[in-house]
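sequence unknown, structure follows:
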């Protein structure tokens, strides 16, 4: 077995470490477990030093966010495979082994994820990753097992190993050589959408992203930001537009972004009509930041001409879900790019 480093990025998550780190250590024999602390102001560091002195602990001076925090952490870790693991994940015995074995069999697989189920409802797919992630042609992300806020029960319907568009950052396996080749995550994203952007760049470079159902973990979710958070909304909208600008082929970029800007405005008006003024303001701030970022995004933009990547859903997810009532992955009527 190649060297595997499971790296948990912590920020004020002492309670999560106390609750879930024992399962990670007990279930990951043969792998190295590392905790990186993102400038916590709680007693996370003291807890780790006193309770788990044998676990390598990386200390940062401030909260660099998920993206840059992992960039800094993995720059200090030597391994053949990195596993980015949230602190609120319960692991099953030797959970990492099937994923690494799959990646060893398939050298073009650069990124992969296990099956992600809910910690509190272990028969239900979890929001952050389900059975593997996808986007539609306007950049809306979804998963096998989760469309928007509708979660499916795990009935074995997604027990096939398959290619996906993106792997969840809650439990993401990355070939270390490819991580370095890609330059890691986009640190400017701070949090949210960074793993989708990373997987998109990986696919543009000719690698594959896969889902491994033989590995199962249970995720609490929403451990750092609450489910309803204007800051979270701002990050999601800003980073989604930025990701599209960076990675879309030149012949589709402006059409898609034009449509997304209008769809975002519709979402903002919906927030306002529902009385969510903070969320409405967050969308407006996201658009302002995106426009300010454009010169820098031009420098980052992938020079991919008209190059499309596979596993992009060519249907329209929003009307299918909200108007036609298609609430599950298997009910979608469109097709995926090859």
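That came in fine, so what should we check first? Keep in mind the model is a prediction, meaning the values are calculated, not measured.

Now that residue 67 has come up, it's in contact with residue 190, right?
Yes. If you go by CB atoms under 8 Å, residue 67 and residue 190 touch, sitting 6.0 Å apart. Glycine gets a C-beta too; all of them are placed from N, C-alpha and C.

Of those two, give the one with the bigger neighbour count.
residue 67 (25 against 20; other CB atoms under 10 Å).

pLDDT (mean, whole number) over the host helix or strand of that one?
Here residue 67, judged by DSSP states H and E, is contained in helix 65-74. Mean pLDDT, computed over helix 65-74, is 98.

now swap in stretch 173-187 and tell me
pLDDT averaged over stretch 173-187 gives 97.

cool, and stretch 273-281?
Taken as a whole, stretch 273-281 carries a mean pLDDT of 95.

Give me the contacts around that stretch.
Stretch 273-281 has contacts (CB atoms under 8 Å, 6 or more residues apart in numbering) with 228, 230, 233, 268-269, 271-272.

From those, which one has the minimum pLDDT?
residue 228 (67).

Show me which residues of the helix holding residue 67 are buried.
65-74 (16 or more other CB atoms under 10 Å).

Could you dump these into CSV with distance to residue 201 added?
Below are those laid out as CSV (distance: CB to CB, whole Å):
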residue, distance to residue 201
65, 18
66, 16
67, 13
68, 16
69, 19
70, 15
71, 14
72, 19
73, 19
74, 16
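
Could you work out the end-to-end span of stretch 68-86 for me?
Terminal residues of stretch 68-86 are spaced 15 Å apart (CA to CA, to the nearest Å).

tell me the SS of residue 221?
Three-state assignment for residue 221 (DSSP: H, G, I helix; E, B strand; the rest coil): coil.

my guess is it contacts residue 125, does it?
No. Residue 221 is not in contact with residue 125 according to CB under 8 Å; the separation is 11.1 Å.

who's in contact with stretch 152-165?
Counting by CB under 8 Å, 6+ apart, 102, 113, 115, 117, 123-125, 130-135, 144-146, 196, 199-200, 203, 208-214, 309-312, 328-330 sit against stretch 152-165.

what about 6 Å?
123-125, 131-135, 144-145, 208-213, 311, 328 (CB atoms under 6 Å, 6 or more residues apart in numbering).

how far is it from where the chain is centred?
Distance of stretch 152-165 from its chain centroid, counting by CA atoms, centre = their mean, to the nearest Å, is 17 Å.

averaged over its residues, what pLDDT does that stretch have?
98.

What of stretch 236-252?
On average, stretch 236-252 scores 95.

And stretch 4-22, by the same measure?
97.

Quick check: which helices or strands does the helix holding residue 67 pack against?
strand 4-10 (3 or more CB pairs under 6 Å, 6 or more residues apart in numbering; DSSP states H and E).

Tell me what angle the following helix or strand past the strand it packs on forms with strand 4-10.
Next in sequence after strand 4-10, counting helices and strands by DSSP H and E, comes helix 14-27. Taking axes from the mean of the first three to the mean of the last three CA atoms, to 10 degrees, helix 14-27 and strand 4-10 form an angle of 170 degrees between their directions.

Show me which residues of helix 14-27 are buried.
Residues of helix 14-27 classed as buried: 14, 16-17, 20-21, 23-25, 27 (neighbour count, 16+ other CB under 10 Å).

Fine by me, thanks again.
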